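S.K.: Below are the sequence and a predicted model; questions follow.
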Amino acid sequence: MRFLLWINITFFSCVLVADDFLPQSALSFFENHCFECHQGSEDSIEGNVNLEAKSIDWSKKESTVFWTRIYEVIHSNEMPPKEASSFPATAERLSMLTWLNKSLTNYAPPGGTLPRRLNRVEYENTIRNLFNYSDFKVPPSFPEDDTTNGFDNIASGLVLSPTLLSQYLDIATSIADEVLPEPVPLKSFDSRDFRIKPFQLKTNEGDGAALTNDTYRLVSSRNMASAAGWTSPFEVPVSGVYKIKVQARTFQTDKMFYDKRIKPFRLELYARQNGEQQYEPFGELRALGGFNVTTKEGLSKNYQLESKLFEGEVIGFRWADGPVYSDPGKRDISHSFIDDRLLNDSQFYAAAIKLDGGKRGSSQIEFYESIRELIKSGGLDLENPKLKSPPKVYGGGLFNGPHNWCKAYAYEEMHRFGPALDILNIEISGPDKIIPDQLTQSRLARSDLFLGRSPGAILDISFAENFLRDFLFKAFRKPVSENKIKEYLGIVEKHRLDNPDKRIEDSLHLAVRRAIISPHFLFRGLKSGFLDDWGLASRLSYFLNSSPPDAKLINFAKTGKLSDPIVLESETRRLLKKPQRNNLIKHFTGQWLGTRRLKDIMPDPRLLKFYNIHREAMIDETEMFFEEMITENHTLDKFIDPGFSYRNKNLNNIYGGNLSGTEMQRITFDKGGRSGGLLGLASIMMSTANGVDTHPVHRGVWLLENVLGSPTSPPPPGIPSIAPDTSGSTTMRERMIAHQQDTSCASCHKKIDPLGFVMENYDPVGRWREHYPVYTETASEPLKEEFYSQNGKQTRVGQKIDSSGLLPDGTVLKNVVDLKTYLLTNMNLFTECLVEKLLVYGTGRSLNFGDKRISMKIAKNSLNSNSGFQDLIVDIVLSESFLTR
């Protein structure tokens, strides 16, 4: 209850300010130049902006937001519009701006971030960091964070709902259970002997097979699913230490393809839980050990090892150095083995070519026998040029996959003539000692690490105090007062008093749970004013890494040096030197550039075949482009026209080209064209469409909000969206022109539509097109574009696209290249927008008047000095806005 009261009282306190009466000059300005559109009833005023007020209550945030917007539209000459019946003189306009600037500077200084809850990503990263719990994830039922001002880390949007608080409580309990587990008593079990006959070993037929009841023959060193014998009838009954005895021998004859081996054969043993994925690569299984089996002909020997086995496990036997091998850590057999064998066995290769894969449905043994018969009969074409090089592809017909090649001539031949490794008998005895199961052992190890407990350490109240001192410092990300430590130690002592039979870990369990539902853990920035070094360490780290401060930041905060501008710049550049793509790059670009939305969009299959590999490549391109902008400190104009990008073969059907391989490759191209930059990224084009068709309004609004920094107001209530067809119109442009006939729509659409039209040459996945597609059922006229854009089978050529547009300032745009040129000429627009986005994301608040003045100054300085993107981020971190709560 104290926690909830703290939230209610602390979060919403405010300072009362007396009403400020508008000066006569302002009243006259509005009466002469604004009341024509902005007075009267709600139904009659434009843009929902009423300027009839005689006074302003500056204590209300909505007042500073409203008057900041009034200042911006007057300052930019957007209002009053040039076509207004009365336009203010320069002196009159400057007088109005001076009054607004003075008032807003006084009542809307930089700062004002509310206490800021950790969002989902930050919470997960913080739990992982605090508890060394690398695989922690919140449950699927964890509520999604609301998006405010385009981001999900804004304090005003990060509310604490009852549902979320309940989730925090449940997670706190499960985390404490994980790091401070209840003791699990060891099971009791009498030692016994388990005998396994060769025919009881389980594997895929043809790879290793029980030839008789007395012999199990291994011929391959491939993956554990097909090259090993598993003791499926035997499952470890209880975790413990066991002895494993194996009777084994080697098998070699004079008819082998390979030369006889003298060195021992290596038999290796692995363990996995029965029922787990049997196709697990052997490199990822738990290795138990192995034996070197002698090669003396016909001589079998008994081999023994002692190993820990866990309840439910089965044991696998693998010939580790057999000639049919697998690439380390992979499931599939190495193609190089097949290539080597084929090039050294021309008769078999020629026979396989002649058979052309054998009869459909034939078994591996039948194919092998057919090969043998062809070799015996002779008449093979040993001059065939194909015999000089291995198959170019494996799959279909003759080259029916590497597995089939091996089974057809290697496995069957080796089963008959060797080399092979025979298992004759297996005996497992134990347990000689019972041990905790794997989960318990893992939890105990994690608990020791979490507590900093050394073997034999005495856990008493003194230990608890030292632990809490260190833990609370890490959890709250700042020094903790002695009173706070005593508060948590009191929780431990009371629990000990009430439960004398419990361990100290059980008492700490309660304190740990309490700590990670505390506002000091869940929130940042609980005090107003300038950030101290600890608050600065947290803000910087969560801004750039979405994680708590690392050791270097903590050390600088301890010494009070982090707030030194030189140190702060150095630390910012250190964190940016190797940016983590799963943090700033992924989460900032994912929201600013919309790549997060791609997972919810599935392009119409009538347009093209689109799979997750294409979506992932689009996101990788965007993130790698952004990453290079940071690490190479490129100037900001490269956001618009970079001359480079990152792509792979999966993007060939989007951009064209003939790249090979799935690894992302840095490519370059001439600047000055449509390729590259924010306006050429397929991810942005896809995120601003719906997968089926494009909509200029969506892309126009996105450009205004995220590139030009001039967001539009939401449409008035009751305004319908643009219908698929209006008054018989056939093109999107005609439908939008018809939509603009509504006077309540026209003013905004003059800004939106030209930008959207310019982007219409990009289809719903970012491919270039000259015509709109028309979907058909028969697809008798498939759409084909000259620039790589092969549309799907169910489309035909539609109306030619008109991508021209006229901006409100009179600039004529013919296409996206013209828009790029416009942005490069007016880089202040994009730079101011980018700075504002980064400041909002970094501070967790919408920018007030004071913040925006600082933002504009940062942008201006960046342009004047032609500095790079990394330099810009440093300037943001050093700014008063970033340093103020």
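M.R.: Structure received. Residues are numbered from 1 along each chain as shown.
S.K.: mind checking how far stretch 649-657 is from the chain centre?
M.R.: Here stretch 649-657 is found 22 Å from its chain centre; the criterion is CA atoms, centre = their mean, to the nearest Å.
S.K.: Tell me the buried residues in that stretch?
M.R.: Applying a neighbour-count criterion of 16 or more other CB atoms under 10 Å, the buried positions in stretch 649-657 are 649-656. In this view, the C-beta of every residue, glycine as well, is placed from N, C-alpha and C.
S.K.: Kindly reformat these as CSV containing pLDDT and distance to residue 834.
M.R.: As requested, the buried residues of stretch 649-657 are exported to CSV (pLDDT from 0 to 100; distance: CB to CB, whole Å):
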residue, pLDDT, distance to residue 834
649, 95, 32
650, 95, 29
651, 96, 25
652, 93, 31
653, 88, 31
654, 93, 25
655, 95, 25
656, 91, 29
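S.K.: Which of those residues sits closest to residue 588?
M.R.: Of all the buried residues of stretch 649-657, residue 588 sits closest to residue 651, with 22.4 Å by CB to CB.
S.K.: Run through the residues that contact the residue nearest to the closest one when sequence neighbours are not counted.
M.R.: Leaving aside its chain neighbours, residue 651 sits nearest to residue 617 (5.1 Å; criterion: CB to CB, 6 or more residues apart in numbering). For residue 617, the residues meeting the contact criterion (CB atoms under 8 Å, 6 or more residues apart in numbering) are 647-648, 650-651, 664.
S.K.: Go through these and say which is closest to residue 497.
M.R.: Checking the contacts of residue 617 against residue 497 with CB to CB, the nearest one is residue 664 at 60.5 Å.
S.K.: Give me the nearest residue to the closest one, chain neighbours excluded.
M.R.: For residue 664, the closest residue by CB to CB, 6+ apart turns out to be residue 646, at 4.6 Å.
S.K.: Now name the helix or strand holding the nearest residue to residue 872 once chain neighbours are set aside.
M.R.: Counting by CB to CB, 6+ apart, residue 862 is the residue found nearest to residue 872 once chain neighbours are left out, at 5.1 Å. Element membership of residue 862 [criterion: DSSP states H and E] is helix 849-865.
S.K.: Packing partners of the next helix or strand after that helix?
M.R.: Per DSSP H and E, the first helix or strand lying C-terminal to helix 849-865 is helix 869-877. Where contact means 3 or more CB pairs under 8 Å, 6 or more residues apart in numbering; DSSP states H and E, helix 869-877 is packed against helix 565-577, helix 612-631, helix 827-843, helix 849-865.
S.K.: Please tell me how far the residue nearest to residue 664 sits from residue 197.
M.R.: According to CB to CB, to the nearest Å, residue 646 stands 57 Å off from residue 197.
S.K.: okay, the two: which has more neighbours?
M.R.: Applying other CB atoms under 10 Å to residue 646 and residue 197 shows that residue 646 carries more neighbours, namely 19 against 15.
S.K.: Report the secondary structure element holding that one.
M.R.: Under the assignment here (DSSP H and E), residue 646 is part of strand 644-647.
S.K.: Could you check that strand and say which residues are buried?
M.R.: With burial defined by 16+ other CB under 10 Å, the residues of strand 644-647 counted as buried are 644-647.
S.K.: In TSV: the helices and strands packed on helix 869-877, plus mean pLDDT and distance to residue 600.
M.R.: As requested, these are arranged in TSV below (pLDDT from 0 to 100; distance: least, CB to CB, whole Å):
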stretch	mean pLDDT	distance to residue 600
helix 565-577	96	30
helix 612-631	97	10
helix 827-843	98	22
helix 849-865	96	31
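S.K.: Residue 510: neighbour count?
M.R.: Around residue 510 sit 17 other residues, with neighbours defined as other CB under 10 Å.
S.K.: give me phi/psi at it?
M.R.: phi -70, psi -40 (degrees, to the nearest 10).
S.K.: same check, this time on residue 24
M.R.: Backbone dihedrals for residue 24, given as degrees, to the nearest 10, come out at phi -60, psi -30.
S.K.: so where's the stretch 301-450 of the chain uncertain?
M.R.: For the stretch 301-450 of the chain, applying pLDDT under 70 flags the ranges 324-338, 341, 357-368, 392-411.
S.K.: let's see 80
M.R.: 323-345, 348, 352-353, 355-372, 390-415 (pLDDT under 80).
S.K.: So which residues of it form helices?
M.R.: Using DSSP state H, counting those that start in this stretch, the helices of the stretch 301-450 of the chain run over 335-343, 346-355, 364-377, 402-405, 412-417, 438-451.
S.K.: And the ones you listed: which comes nearest residue 638?
M.R.: Minimum separation from residue 638 across the helices of the stretch 301-450 of the chain (CB to CB) falls at helix 335-343, 41.3 Å.
S.K.: picking up where we left off before, I figured the residue nearest to residue 872 was touching residue 875, is that so?
M.R.: Yes. At 6.6 Å, residue 862 and residue 875 qualify as touching, with contact defined as CB atoms under 8 Å.
S.K.: Quick one: the helices in the stretch 601-750 of the chain, in order.
M.R.: Assigned helices in the stretch 601-750 of the chain, in chain order: 612-631, 652-655, 682-687, 696-706, 732-739, 743-758 (criterion: DSSP H, counting those that start in this stretch).
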